[in-house]
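A.B. asks: sequence first, predicted coordinates after that:
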Amino acid sequence: MSEEKVIEKIQKLTEKRKTEKVEQFLHDKDIEVVKAAIAGLGIIRDEMAFNLLSKLIDHENPEIRKAAIVAFGNSGTEQARSFLQLLLSKETDEGVKEVASKALREFKTK
């Protein structure tokens with residue numbers, strides 16, 4: 001299945017709030033598919049999605065960490081804000097720190 005088709009499938013599963021089905025795409029070899037799944041989890045916003053995103057915040061790949069931060073920021077919850085503040089205090093990658101700072105600034109405008 002093409003990347004585009006897989007991402008469409010993730011979007012449909014997200015609309016149906018199928019967290020467990022979206023989770024399966026977190027292990028895909030295509031980073032764009034993984035990022036789409038992360039974005040989907042940020043939209044679903046249930047407890048399982050939050051827990052999955054919280055694990056991805058420490059992922060070895062900075063692109064995955066950035067996508068998880070954006071998804072957390074979109075959730076708008078106080079729990080996510082606290083998580084991002086903690087991440088910002090320990091993150092070493094400047095690009096990831098910049099994304100986390102932006103996500104926290106956007107919390108203040110919500």
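C.D. replies: Here it is on my side, so go on.
A.B. asks: pretty sure Val33 contacts Val6?
C.D. replies: Yes - using CB atoms under 8 Å, Val33 makes contact with Val6 at a distance of 5.1 Å. (Glycine included, C-beta is placed from N, CA and C.)
A.B. asks: quick one, helices of this structure?
C.D. replies: Remark: helices assigned in the chain by DSSP state H are 3-15, 19-23, 31-44, 47-56, 62-75, 78-90, 94-108.
A.B. asks: need the ones you listed in TSV with mean pLDDT and mean neighbour count, can you?
C.D. replies: Output for those, formatted as TSV (pLDDT from 0 to 100; neighbours: other CB atoms under 10 Å):
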stretch	mean pLDDT	mean neighbour count
helix 3-15	96	15
helix 19-23	97	18
helix 31-44	96	22
helix 47-56	92	17
helix 62-75	92	22
helix 78-90	88	15
helix 94-108	90	16
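A.B. asks: does Met96 touch Glu63 like I think?
C.D. replies: To be clear, residue 96 is Val; Met isn't right here. No - Val96 is beyond contact range of Glu63, at 9.1 Å (criterion: CB under 8 Å).
A.B. asks: can you tell me how far the most centrally placed residue in the chain is from Ser89?
C.D. replies: Taking CA atoms, centre = their mean, the centroid of the chain lies closest to Ala68, which sits 2.6 Å from it. Distance of Ala68 to Ser89, given as CB to CB, to the nearest Å: 16 Å.
A.B. asks: between Val33 and Val6, which contacts overlap?
C.D. replies: Overlap of the contact sets of Val33 and Val6 (by CB atoms under 8 Å, 6 or more residues apart in numbering) consists of Phe25.
A.B. asks: quick one: the residue nearest to the centre of the chain and Glu78, what's the gap?
C.D. replies: 18 Å.
A.B. asks: report the contact partners of the residue nearest to the centre of the chain.
C.D. replies: Counting by CB under 8 Å, 6+ apart, the residues that Ala68 touches are Ile38, Leu53, Leu56, Ile57, His59.
A.B. asks: tabulate those residues (TSV), appending distance to Leu104.
C.D. replies: Converted to TSV, these look like this (distance: CB to CB, whole Å):
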residue	distance to Leu104
Ile38	18
Leu53	15
Leu56	17
Ile57	13
His59	19
